[in-house]
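Peer 1: Requesting a structural model of the entry that follows:
(chains A and B)
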Amino acid sequence: MTSLRIEAHPVLEFEKKKKVRFFFEGKEFEGFEGEPIAAALHAAGVKMLRRSPHKNRARGFFCAIGRCSSCIMEVDGEINTMTCITPLKEGMQVKMQKGHGEIKP
Amino acid sequence: MSRNTEVFVIGGGPAGLSAAIVAAELGAQTLLVDDSAKLGGQLIKQTHRFFGSSNRDAGIRGISIADKLCEDVKNLKDRLCVLENTAAVGFYSNNEAGILSQNAYERVSYQRAIVCTGATENSLAFENNDLPGVYGAGGVQTLMNVHGIRPGQKILMIGSGNIGLIVSYQLIQAGVDVVGLVEGLPTIGGYLVHASKIRRLGVPIYTSHTILSALGETQVEGATLCQVDDRFRPIPNTEFDVECDCICLAVGLTPLIDLFQQAKCRMVHIGELGGLVPLHDSSMKTTNPEIFVAGDASGIEEATTAILGGRIAGARAYESLYGSNDKVEQIVAEAKEELKTLRSGSTGERIRWGRERVLQEVGAC
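Peer 2: The predicted structure is shown next:
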């Protein structure tokens, strides 16, 4: 599969940012610092970000602007993080939350 | 904590930025809040050139219009305070509003509010429309034009209005294969110039068709389409499948009006303007005399008309505090003239009709 990252564009230029490493469900991934977590996962081909609590339906990226809550995940232990507007940082632990997620003390 | 301002603008898209710029330029102390990290609203993902009007932004790309407005905002920083990552969450009595930033809640005491909350995207009912890979056109543009990531390799576009047509072209520019464009009506909804562009690039346009279902278990792997009759009912035995890894919905927008309802502004449902909108007069004032409206929240149109509506609202909000002057009248007269041109002709017919109905309803109350 060819990469989903746009390398050349007739109108836009995308700033090259610093590459960082992060973990999704314990597996190592690469993304760019400061881009939304969901964007980095999408670029890496991860489409399903969680399952719905009641009907167990696959849920993924949707609105991209922090409105719809489709992309909520557990990030560094914090549940219900809107990954489409949360900037990626080196070493982040990103997980699919189970059900409604579990609040850690 | 609380803040005081004369003019309080909610929303940093083309309408809100323009309203805030005009109010501050005329001399009002102005506060602008926007809930995203970057000002500009939807303009920051518009890579196409705008038709605009002869003296406003014709031939300029949306992203450049946003840059220009942000530059004007910066130059007015003595009178115009901007809070990004800050959402307006409600109005109280006594001209107070609540704003929420990442970790803090504050109250804003204002004299006039200009609400430019924009719109939300419509969805469409079909089987599996919740599968990952089904995106709104706004989400697709954000991913592609702001973050530089394609939504997929092969995309199916639903809706042939200007957004569907323009985003299809943007997808092709980004290297995505647009496998087809589906339209329920027998004719293309948007401008022919946009449609011709994607047709020349070989994108099949299926008019009088609809999507019955998205295929796949955990992500989109295809879609089933079929023909519809003149009452949009699927015609049996016309189903066929297309292969794609994402589906983009460009099926219209609905004004985002919660704050107006909460502030007890009178609302009116006008289909031509996208649904419920706050009643407002030609100075963009709602039935709550302290609250003005501009942009898509006043009726779905496009960025150039949002800018002009914002300029009128900014000038009239200032005038309602300090009285009129030559500059106020000049700004309003110019904006009205440009709006008239933009809404002229057959393409502006629905909007003209919807706008006239708003004014009639206002006159009646």
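Peer 1: so who does the closest residue to chain B within chain A touch?
Peer 2: Residue of chain A nearest chain B, by CB to the nearest CB: A:Gly60 (2.5 Å). No exception for glycine: its C-beta is placed from N, CA and C like everyone else's. By CB atoms under 8 Å, 6 or more residues apart in numbering or on different chains, the contact list for A:Gly60 reads A:47-49, A:70-71, B:131-133, B:219.
Peer 1: so what pLDDT did it get?
Peer 2: On pLDDT, A:Gly60 comes in at 95.
Peer 1: Kindly report the same for B:Val108.
Peer 2: Confidence at B:Val108, expressed as pLDDT, is 97.
Peer 1: partners of B:Val82 in the sheet?
Peer 2: Applying DSSP bridges to B:Val82 gives these bridge partners: B:Leu32.
Peer 1: Hmm, it is touching B:Leu39, no?
Peer 2: Yes: if you go by CB atoms under 8 Å, B:Val82 and B:Leu39 touch, sitting 7.0 Å apart.
Peer 1: Secondary structure element for the spatially most central residue of chain A, which one?
Peer 2: The centre of chain A sits closest to A:Ala38, judged by CA atoms, centre = their mean, with a distance of 2.3 Å. Using DSSP states H and E, A:Ala38 maps to helix A:37-43.
Peer 1: For that helix, which outside residues touch it?
Peer 2: Applying CB under 8 Å, 6+ apart, the contact partners of helix A:37-43 are A:3-5, A:22, A:24, A:29-32, A:49, A:61, A:64, A:71, A:73, A:75, A:81, A:83-84, A:86-88, A:92, A:94, B:143, B:147, B:149, B:151.
Peer 1: How is B:Ile163 assigned, secondary-structure-wise?
Peer 2: Secondary structure state of B:Ile163, per DSSP: H, G, I helix; E, B strand; the rest coil, is helix.
Peer 1: List the residues that contact the nearest residue to it once chain neighbours are set aside.
Peer 2: Sequence neighbours aside, B:Ala250 is the residue nearest to B:Ile163 in space, at 4.5 Å (criterion: CB to CB, 6 or more residues apart in numbering or on different chains). Residues in contact with B:Ala250 (CB under 8 Å, 6+ apart) are B:136-137, B:157-159, B:161, B:163-164, B:167.
Peer 1: Apply 7 Å and report the result again.
Peer 2: Counting by CB atoms under 7 Å, 6 or more residues apart in numbering or on different chains, B:Ala250 makes contact with B:137, B:157-159, B:161, B:163-164, B:167.
Peer 1: Please apply the same query to B:Leu201.
Peer 2: By CB under 7 Å, 6+ apart, B:Leu201 lies in contact with B:Ile172.
Peer 1: what are the phi and psi angles of B:Gly133?
Peer 2: Note on B:Gly133: backbone dihedrals following degrees, to the nearest 10 are phi 110, psi -10.
Peer 1: Next: B:Arg61.
Peer 2: B:Arg61 adopts backbone torsions of phi -70, psi 150, taken as degrees, to the nearest 10.
Peer 1: Which residue, other than its chain neighbours, is closest to it?
Peer 2: The spatial neighbour of B:Arg61 that comes closest, neighbours along the chain excluded (CB to CB, 6+ apart), is B:Arg49 at 5.4 Å.
Peer 1: wait, doesn't the one you found sit right on B:Gly59?
Peer 2: Yes: B:Arg49 lies in contact with B:Gly59 (CB atoms under 7 Å); the separation is 5.2 Å.
Peer 1: who's more crowded, those two?
Peer 2: B:Arg49 (14 against 8; other CB atoms under 10 Å in any protein chain shown).
Peer 1: How confident was the prediction at that one?
Peer 2: pLDDT, B:Arg49: 83.
Peer 1: Compute the number of surrounding residues for the nearest residue to B:Ser160 once chain neighbours are set aside.
Peer 2: Here the nearest residue to B:Ser160 in space, its sequence neighbours aside, is B:Glu183; by CB to CB, 6+ apart that works out to 3.9 Å. For B:Glu183, the neighbour count with other CB under 10 Å is 25.
Peer 1: With B:Phe240 as the reference, measure out to the nearest residue to B:Gly348 once chain neighbours are set aside.
Peer 2: Excluding its sequence neighbours, the residue lying closest to B:Gly348 (CB to CB, 6+ apart) is B:Leu342, at 6.9 Å. Per CB to CB, to the nearest Å, B:Leu342 is found 40 Å from B:Phe240.
Peer 1: Helix or strand: which one has A:Gly66?
Peer 2: Using DSSP H and E, A:Gly66 falls outside every helix and strand.
Peer 1: quick one on the thing from earlier: name the nearest residue to the residue of chain A closest to chain B, sequence neighbours excluded.
Peer 2: Closest residue to A:Gly60 apart from its sequence neighbours, by CB to CB, 6+ apart: B:Pro132 at 2.5 Å.
Peer 1: circling back: got the CA coordinates for the helix holding A:Ala38 in PDB?
Peer 2: Output in PDB follows, covering the C-alpha atoms of helix A:37-43 (Å, rounded to 0.1, in the frame of the first residue of the first chain):
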ATOM      1  CA  ILE A  37      -2.800  11.600  17.200                       C
ATOM      2  CA  ALA A  38      -5.700  10.400  15.000                       C
ATOM      3  CA  ALA A  39      -4.000  11.800  11.900                       C
ATOM      4  CA  ALA A  40      -0.800   9.900  12.700                       C
ATOM      5  CA  LEU A  41      -2.700   6.700  13.100                       C
ATOM      6  CA  HIS A  42      -4.700   7.300   9.900                       C
ATOM      7  CA  ALA A  43      -1.500   7.900   8.000                       C
END
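Peer 1: check contacts around the closest residue to chain A within the stretch 1-150 of chain B.
Peer 2: At 2.5 Å from chain A, B:Pro132 is the closest residue in the stretch 1-150 of chain B, using CB to the nearest CB. B:Pro132 makes contact with A:47-48, A:58-61, B:218-219, according to CB under 7 Å, 6+ apart.
Peer 1: ok, these vs B:Val115, which is closest?
Peer 2: Nearest to B:Val115 out of the contacts of B:Pro132 is A:Phe61 (CB to CB; 28.9 Å).
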